[in-house]
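S.K.: One predicted model, sequence on top.
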Amino acid sequence: MGLTSIVIGWQAIITRRIVLGRRRRGSRQTYTGLAAILQGVEFNLLGLFLIIIAIMLYENLNAHELALQMALHPGLPLMVFGILCLIQSVIALIGPLDSQEGPRWTLLIGWLARFLPGILLILIGVLMTGLSVFEILAPNVFDKMGGGFLEALYGIK
């Protein structure tokens with residue numbers, strides 16, 4: 001599944017086009033240009049994540065130890081999720097190709113429907129990325145300001 005996701009991601013990056021959705025039911029959305037490239041990047045990251053999980057399961061690595069380490073130092077996971085939120089916000093603001101055709105009032109309503117989620121994702125992404133940089137540069141200060149919540153939650157210290 002990880003390799004398939006990576007192949008789909010590279011296809012979207014190279015062709016600058018990706019179609020998401022079901023063929024028989026539901027809506028299909030076609031993304032082109034920058035939105036398709038960013039969707040491809042997300043598919044590559046998902047594929048890499050699945051491959052890493054598969055390797056961890058194959059090698060019998062202790063997932064509990066990894067979870068405890070991420071609770072002690074959540075900077076890297078926060079950065080990954082923050083970057084994913086920022087990527088998804090750009091995709092949401094650009095929208096699929098179908099949303100760029102039709103009457104003006106339909107285009108305006110579609111843009112307004114994408115604007116709020118896009119802005120919220122930008123705010124969440126900037127907040128998470130900023131917190132991750134703060135945690136990486138000053139972990140002790142981060143823990144004193146409330147970052148130790150995860151440690152207390154898991155009973156680490």
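M.R.: It's in. All values reported here derive from a predicted model rather than from experimental measurement. Numbers count the residues shown, from 1 in each chain.
S.K.: measure the residue located most distally from the centre of the chain to Phe115 for me?
M.R.: Ranked by distance from the centre of the chain (Cα atoms, centre = their mean), the top residue is Pro103, with 31.9 Å. Distance, Pro103 to Phe115, by Cβ to Cβ, to the nearest Å: 18 Å. The way it works is simple: take the backbone N, C-alpha and C, and place the C-beta from them, glycine included.
S.K.: before we move on, what about Ile109?
M.R.: Ile109 is 11 Å from Phe115, by Cβ to Cβ.
S.K.: for Thr32, same thing?
M.R.: The span separating Thr32 from Phe115 equals 20 Å under the rule Cβ to Cβ.
S.K.: Looking at these two, which is more packed in?
M.R.: Under the criterion of other Cβ atoms under 10 Å, the comparison of Thr32 against Phe115 puts Thr32 first, with 17 against 13.
S.K.: list the buried ones in stretch 48-67?
M.R.: By 16 or more other Cβ atoms under 10 Å, the buried positions in stretch 48-67 come out as Leu50.
S.K.: do the same with stretch 71-89
M.R.: Neighbour counts using 16+ other Cβ under 10 Å place 71-75, 78-79, 81-89 of stretch 71-89 among the buried residues.
S.K.: Mind checking which of those are in helices?
M.R.: Taking DSSP state H as the definition of helices, the buried residues of stretch 71-89 contribute 71-72, 75, 78-79, 81-89.
S.K.: could those residues go into JSON lines alongside distance to Leu137 and pLDDT?
M.R.: Output for those, formatted as JSON lines (distance: Cβ to Cβ, whole Å; pLDDT from 0 to 100):
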{"residue": "Ala71", "distance to Leu137": "19", "pLDDT": "75"}
{"residue": "Leu72", "distance to Leu137": "16", "pLDDT": "77"}
{"residue": "Gly75", "distance to Leu137": "9", "pLDDT": "85"}
{"residue": "Leu78", "distance to Leu137": "13", "pLDDT": "89"}
{"residue": "Met79", "distance to Leu137": "12", "pLDDT": "90"}
{"residue": "Phe81", "distance to Leu137": "18", "pLDDT": "91"}
{"residue": "Gly82", "distance to Leu137": "15", "pLDDT": "93"}
{"residue": "Ile83", "distance to Leu137": "17", "pLDDT": "92"}
{"residue": "Leu84", "distance to Leu137": "21", "pLDDT": "92"}
{"residue": "Cys85", "distance to Leu137": "20", "pLDDT": "94"}
{"residue": "Leu86", "distance to Leu137": "19", "pLDDT": "94"}
{"residue": "Ile87", "distance to Leu137": "23", "pLDDT": "94"}
{"residue": "Gln88", "distance to Leu137": "26", "pLDDT": "93"}
{"residue": "Ser89", "distance to Leu137": "24", "pLDDT": "94"}
